[in-house]
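model this:
(one chain, ligands or ions: 1)
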Amino acid sequence: MKTTIGFFLTLSISGIAYFALHAKPQEPMSTSDKKPNQPEKKVVKTEAEWKQTLTEEQYRIARQGGTERANGEVYKQFKQQGGGTYYCVGCDAELFSSKVKFDSRCGWPSFYDPSKAKNIKTIPDIDGVRTEVKCNVCDAHLGHVFTGEGFDTPTDKRYCINGTVLKFVPDPKTDPQTK
Ligand SMILES: [Zn+2]
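Got it, this is the predicted structure:
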């Protein structure tokens, strides 16, 4: 019996020794496990389909270029939200991180930088003055971006976004409301 145990012990010790000698140095998990950044597929729906999936207010803003009331209920909720991510209400594309939101006191959710630039596109507004911000995946109207207003942020850009078309998913680690 003793010899059997000794045998297995030797076997397992040599196994550990073998592993220790031959194991590759650990690579950081984040780089090897991450999927390559693939362009999101375009989400295209008919107007009738959009009307079915969006609320009336979401439809008015996202599909018809409307603007929500300043300092409304959505904005109050936005100000109370902690850490998390903001997604497009039309297609769930990731748009902004709470890390880049700031209080511009303009009455609408403000961000200074899109967390994933590929899901945001900016085009000259039909008013010929402003720059419109749209979701690059489903073409939802999100708001406007203003530059060089003197805000104390790394970009001095204000992505002035309708909270109605944002879907907030709190990060349990940093959002105090989810605790
Ligand atoms: Zn979208």
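
flag every residue of the protein that's near the ion.
Within the chain, the positions adjacent to the ion are 88, 90, 91, 93, 135, 137, 138, 140 by Cβ under 5 Å from the ion. Every residue, glycine included, has its C-beta placed from N, CA and C.

ok, the fifth one touching residue 118?
If I follow you right, that is residue 135. No. Applying Cβ atoms under 8 Å as the test, residue 135 and residue 118 come out as separate, 10.9 Å apart.

secondary structure element for residue 96, which one?
Assessed by DSSP states H and E, residue 96 sits inside strand 94-97.

what's in contact with that strand?
The contact list for strand 94-97 (Cβ atoms under 8 Å, 6 or more residues apart in numbering) reads 84-88, 111, 114-116, 119-120, 135, 142, 159, 161, 166.

which of these fall in strands?
84, 85, 86, 87, 88, 111, 120, 135, 142, 159, 161, 166 (DSSP state E).

looking at this protein, which helix or strand is least sure?
Lowest by mean pLDDT, DSSP states H and E among the helices and strands of the chain is helix 29-33, with a mean of 41.

can you give me the strands in the protein?
Applying DSSP E to the chain gives strands spanning 84-88, 94-97, 110-111, 120-124, 131-135, 141-147, 157-161, 166-170.

deepest of those, which one?
For the strands of the chain, the largest average neighbour count (mean count of other Cβ atoms under 10 Å) is found in strand 110-111, namely a mean of 26.

span of stretch 86-93 from start to end?
In stretch 86-93, first residue to last residue: 9 Å (Cα to Cα, to the nearest Å).

can you give the contact residues for it?
40, 43, 50, 53-54, 58, 62, 94-98, 109, 111, 116, 119, 135-138, 140, 142, 164-169.

picking up where we left off before, as CSV, the strands of the chain with mean pLDDT and distance to residue 74 would be great.
Converted to CSV, these look like this (pLDDT from 0 to 100; distance: least, Cβ to Cβ, whole Å):
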stretch, mean pLDDT, distance to residue 74
strand 84-88, 96, 12
strand 94-97, 96, 14
strand 110-111, 97, 13
strand 120-124, 96, 19
strand 131-135, 97, 16
strand 141-147, 97, 12
strand 157-161, 97, 10
strand 166-170, 97, 8
